[in-house]
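Q: Quick one: sequence plus predicted model below, questions after.
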Amino acid sequence: MTVLADLSAWLDATWLSWAMSGGYPWLWPACETLHFMGLALLVGSVGVLDLRMMGMARALPVASVQKLMPWAVAGFVVNLVTGALFFIGEPQQYVANIAFLMKILFIVLAGVNVGVFYLTGLHRRIERMGPDGEAPLGAKIVAATSLVLWIGVVYWGRMLPFIGNAF
Amino acid sequence: MDWLIWLESLPLSVWVRESGSLWSYPTVLFLHTVGLAFAVGMSAVISLRVLGAAREMPPPALEPFYRVLWIGFWVNAASGVALLIADATTKLTNPVFLVKMICVGLAMGSMVAIRRRLGAAASGTNPGANRITALAWFSLVAWSGAILAGRLMAYIGPVSGVDLS
């Protein structure tokens, strides 16, 4: 843990950390607002694809919904940047926080799930599906896993101040 | 403001605010965030499509996601009431809360108006297309305002002690 403690102390001494943790009082709430907007964009666009694969809105061709994914990536990047800024601002409240560890784990698992979707060729089978097509069972499992994991990410993020010690 | 104190003294309010259980305040707050993700998320996807994103998606085929949007909305109405009565004396006297409610009302109103015009969005030349484009921008701005106001309730005006996040 000493590496984390060193990293935390080093980050804490940076200008960016000072700016985030009160140097500019509007910066933290501004990043929180962006973090919520990014969350909505990510869960919204991934959610529409997942729900379609699970059998909702069958009139929607799955290949067309995949065109939404750049928006999901945009939401993810916004949250990665604002999330990194929270971490830099108050590193000591995250490094030893079990909820933060779980949040990162769930994000990694969501990434693995996306990897499974592309590496097993499920995405290609999905693309060939027209309107009213039914996704193969594998795709339905990936979709349900994705929804559970992203809701889990939101859960652990919300639990940061309550199970861990962050605010 | 006796009625605000009365609201705060209701058993549900006391439980949400003071039980210290993970199932009270933290879980209500989590539900409020998941509801936001789905209500704003579905609205954002529908509005973005109206504005030209993922053009291959036929707008009328997005209709079923309005059910998800409404579930998110009602989850947040319920969790929002629980959070509100738990800290009635601060949250209900905070003008930022009124701004948030106006933004949510305008956002939901524009989403309902978009729903009735999803057919028009499918054909770009339709006379209804301009109006639905304006409504889509409006809903995105109103939701952003609602999120911003919701965040600022923890910073501006009377701030409740329990809201650390």
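A: Yep, it's here. What you see is a predicted model, and the numbers here were worked out from it, not measured in a lab. Residues are numbered from 1 along each chain as shown, chains lettered A, B, ... in the order given.

Q: which stretches of chain A form strands?
A: Counting by DSSP state E, no segments of chain A form strands.

Q: Pull the residues that contact stretch A:5-19.
A: Residues from elsewhere that reach stretch A:5-19, judged by Cβ atoms under 8 Å, 6 or more residues apart in numbering or on different chains: A:Gly23, A:Leu27, A:Leu85, A:Phe87, A:Ile88, A:Gly89, A:Glu90, A:Pro91, A:Gln92, A:Val95. For every residue, glycine as well, the C-beta is placed using N, CA and C.

Q: Just to be sure, which of these are found in helices?
A: A:Leu27, A:Leu85, A:Phe87, A:Ile88, A:Gly89, A:Gln92, A:Val95 (DSSP state H).

Q: ok, for the fifth one, nearest residue in space, not its chain neighbours?
A: So the one you mean is A:Gly89. In this structure, A:Gly89 finds its nearest non-sequential neighbour in A:Met20, 2.8 Å apart by Cβ to Cβ, 6 or more residues apart in numbering or on different chains.

Q: Please name the residues that touch that neighbour.
A: Taking Cβ under 8 Å, 6+ apart, we find A:Met20 in contact with A:Leu27, A:Trp28, A:Cys31, A:Leu85, A:Phe86, A:Ile88, A:Gly89, A:Glu90.

Q: got a list of what the nearest residue to the fifth one once chain neighbours are set aside touches?
A: Counting by Cβ to Cβ, 6+ apart, A:Phe86 lies nearest to A:Cys31, which is 6.5 Å off, once chain neighbours are set aside. Contact analysis of A:Cys31 by Cβ under 8 Å, 6+ apart lists A:Met20, A:Thr82, A:Leu85, A:Phe86.

Q: quick one: the first one from chain B, how far?
A: Noted for A:Met20: a distance of 15 Å to chain B, by Cβ to the nearest Cβ, to the nearest Å.

Q: from the ones in helices among the contacts of stretch A:5-19, which single one is nearest chain B?
A: Nearest to chain B among those: A:Leu27, at 11.8 Å, using Cβ to the nearest Cβ.

Q: Neighbours of B:Ser160, how many?
A: Neighbourhood size, B:Ser160 [other Cβ atoms under 10 Å in any protein chain shown]: 19.

Q: Kindly report the same for B:Val96.
A: 20.

Q: CA-only coordinates of whatever helix or strand it lives in in CSV, if you can.
A: Assigned by DSSP states H and E, B:Val96 belongs to helix B:95-115. C-alpha atoms of helix B:95-115 as CSV (Å, rounded to 0.1, in the frame of the first residue of the first chain):
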residue,chain,number,x,y,z
PRO,B,95,-34.7,28.3,-4.5
VAL,B,96,-32.4,25.9,-6.5
PHE,B,97,-34.9,23.1,-5.8
LEU,B,98,-37.6,25.2,-7.6
VAL,B,99,-35.2,25.7,-10.5
LYS,B,100,-34.6,21.9,-10.6
MET,B,101,-38.4,21.2,-10.6
ILE,B,102,-39.0,23.7,-13.4
CYS,B,103,-36.2,22.1,-15.5
VAL,B,104,-37.5,18.6,-14.9
GLY,B,105,-41.1,19.7,-15.9
LEU,B,106,-39.8,21.4,-19.1
ALA,B,107,-37.7,18.4,-20.0
MET,B,108,-40.5,15.9,-19.5
GLY,B,109,-42.9,18.2,-21.3
SER,B,110,-40.6,18.4,-24.3
MET,B,111,-40.1,14.6,-24.3
VAL,B,112,-43.9,14.1,-24.4
ALA,B,113,-44.2,16.6,-27.2
ILE,B,114,-41.4,14.8,-29.1
ARG,B,115,-43.2,11.4,-28.7
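
Q: longest single helix anywhere in chain B?
A: helix B:25-50.

Q: is chain B contacted by the worst-scoring helix or strand of chain A on mean pLDDT?
A: Of all the helices and strands that make up chain A, helix A:122-127 has the lowest average by mean pLDDT, DSSP states H and E, namely a mean of 87. No. Helix A:122-127 stays clear of chain B (Cβ under 8 Å from any Cβ of the partner chain), getting no nearer than 11.3 Å.

Q: So which bits of that helix are buried?
A: A:Leu122, A:His123, A:Ile126 (16 or more other Cβ atoms under 10 Å in any protein chain shown).

Q: What is the burial count for the closest residue in space to B:Val40 that isn't next to it in sequence?
A: Once flanking residues are discounted, B:Val40 sits nearest to A:Ala40: 3.8 Å by Cβ to Cβ, 6+ apart. By other Cβ under 10 Å, the residues close to A:Ala40 number 27.
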